[in-house]
Structure formats: structure tokens, C-alpha cells
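Asks: my questions are about this predicted structure, shown below with the sequence.
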Amino acid sequence: MKKTFWFWLCFVVAIVMAVYFATRIIMTSLGHGPVAMVKTISISSDSGKKNLAALAAVAGIAPGTDVYSLNLDEVNARIAGVPDVKESAVRRMPNGNLAIKVKLYKAVAVWTDGQNFFPLSSDGTVVKRSLEEKPSNTIVFRGILPTDINKMVKTVHTIATKIDYIEWIENRRWDIHTINGTSILLPEEDPYAAISKLMVLDKNNKILSKKIKTLDMRDPDRIIVLQ
């Protein structure tokens, strides 16, 4: 008798729970109930950047919106359209909220078209977000760029204040243009060794402060100076 009682009790509880969850599922699918409504939108980035209010505004989703009426592809397209966003993903959470994850471009330098300045990522991507002014002590690039500028940025960082901009020439070598008006022609092979030599020359002879028109370093065995 005791076993029969517990059997029927468990049976009734199972039926009640089944009806409850079935009702919630049906209501949610029909857009009714709190689970079917967006209460919060969580946004996170790989950079750890906390101020992502601009992305929330671009998502354009008001609390209380029917989560199942949202086209997540359209939401993701709006997020991906923000200049600083490299990759993005939007998904529904079991509680009806939305989670947005973004991967942002990490600027290591700036790019200029001769008038405006834009953040530049290490893979050579120009972020189409115009800066109000050129950041101080920042390397500036111009023209078409290769897919990896990281090593160049790290190599010339110590002389950043003396550089006007750096340009990738004929898709094969670099030119450095100084604030003093000197054009430095670097070799195709190992331009970084040439830059190291340039730094030694500047330390010993202040060559980047002299009135020199061209410093041709394309031949590793000799430097041609044109004034």
C-alpha cells in the first residue's frame, strides 16, 4: 500500500510538471510570458573593453521585445557594421535574454589619406573611424599596406616622434618620411636591420635632425646621401 501511494504521488507530480513546462514552452513560442521577452542584453569583447554602450545602441533592441520575433542575423549585421568590430555573434539565452560577443580591431598605429587619420590594426586593416587628431608618439602609415605591420611598428617605435609617415612602395619595400623632410629608402631584404643601422647613425650623428633630402639605404653595403 505504501509503495502504491508513492507511485501515484510521483505520477501526479510528473504530470503536473509536464503540463507546467509544456504550457511555458507553448506560451514562449507564441511570444507570451517573461521568458519570451528580452529583459537584458549582455555585450562582451575580447579586449576587455567595458564601455560598449555604442554597440547596445546599434543593436536597437528595447527591453520587453519579443525575443522570438527578432531576426538575429539582422541584429548581428548591425553590430558587425560598427567600424571597430572585427567579428560578432548574437545568440538567445535560455532565460530569453540576448548575449552579444564581439572581437574588436586592436589599433597599433594610424593610417592617413593625407588629411584624415584612422586607427590601423596589426593585420593592416584600416578602421573606418576618423580620429579628431593624430595621436602623439604614434606611427603613421600611408598608402596600400601589407597584411602584417606589427614588426615595423615595434622596430621604429623608439623614433616615432621623428617620423612623419611610413609608406609601402610597389608592394615590396618601405620608405620612411621624417618630420624633418628626409625620405629614407629601405631595402627589400631585411629593412629592420637597416632601421637598426639608422638608429645608430642618429644616436651618433643626429642624422634625422639634419637637412637631408634623401637617405638611400637600399644597398646594404653603402648609404647614399642626397642633400
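Replies: On my side now, so go ahead.

Asks: for the residue nearest the centre of the chain, list the residues it contacts.
Replies: Residue closest to the average C-alpha location in the chain (C-alpha atoms, centre = their mean): Y105, at 1.0 Å. Applying C-beta atoms under 8 Å, 6 or more residues apart in numbering, we find Y105 in contact with D84, V85, K86, P119, S121, T125, V127. No exception for glycine: its C-beta is placed from N, CA and C like everyone else's.

Asks: look up the pLDDT of the fifth one for me, please.
Replies: As summarised for this prediction, S121 has a pLDDT of 92.

Asks: this protein: helices as residue ranges?
Replies: 2-29, 53-59, 72-80, 150-156, 191-205 (DSSP state H).

Asks: can you flag the weakest of these by average pLDDT?
Replies: Among the helices of the chain, helix 2-29 carries the lowest mean pLDDT (a mean of 59).

Asks: check what pLDDT the nearest residue to S42 once chain neighbours are set aside gets.
Replies: Excluding its sequence neighbours, the residue lying closest to S42 (C-beta to C-beta, 6 or more residues apart in numbering) is A99, at 5.1 Å. At A99, the model reports a pLDDT of 82.

Asks: pretty sure S45 sits against K103.
Replies: Yes. Taking contacts as C-beta atoms under 8 Å, S45 lies within contact range of K103: 7.1 Å.

Asks: between those two, which is the more surrounded one?
Replies: S45 (18 against 13; other C-beta atoms under 10 Å).

Asks: leaving out the residues flanking it, which one is nearest to G81?
Replies: With sequence-adjacent residues excluded and distances taken as C-beta to C-beta, 6+ apart, G81 is closest to V58, at 7.4 Å.

Asks: which residue is the nearest non-sequential neighbour of A80?
Replies: Counting by C-beta to C-beta, 6+ apart, the residue nearest A80 is S88, at 4.8 Å.

Asks: wait, the one you found touches K103, no?
Replies: Yes. The pair S88 and K103 passes the contact test of C-beta under 8 Å, sitting 7.3 Å apart.

Asks: how near is the residue nearest to A80 to I15?
Replies: 44 Å (C-beta to C-beta, to the nearest Å).

Asks: of the two, who's got more company?
Replies: Between S88 and I15, counted using other C-beta under 10 Å, the more crowded position is S88 (22 against 10).
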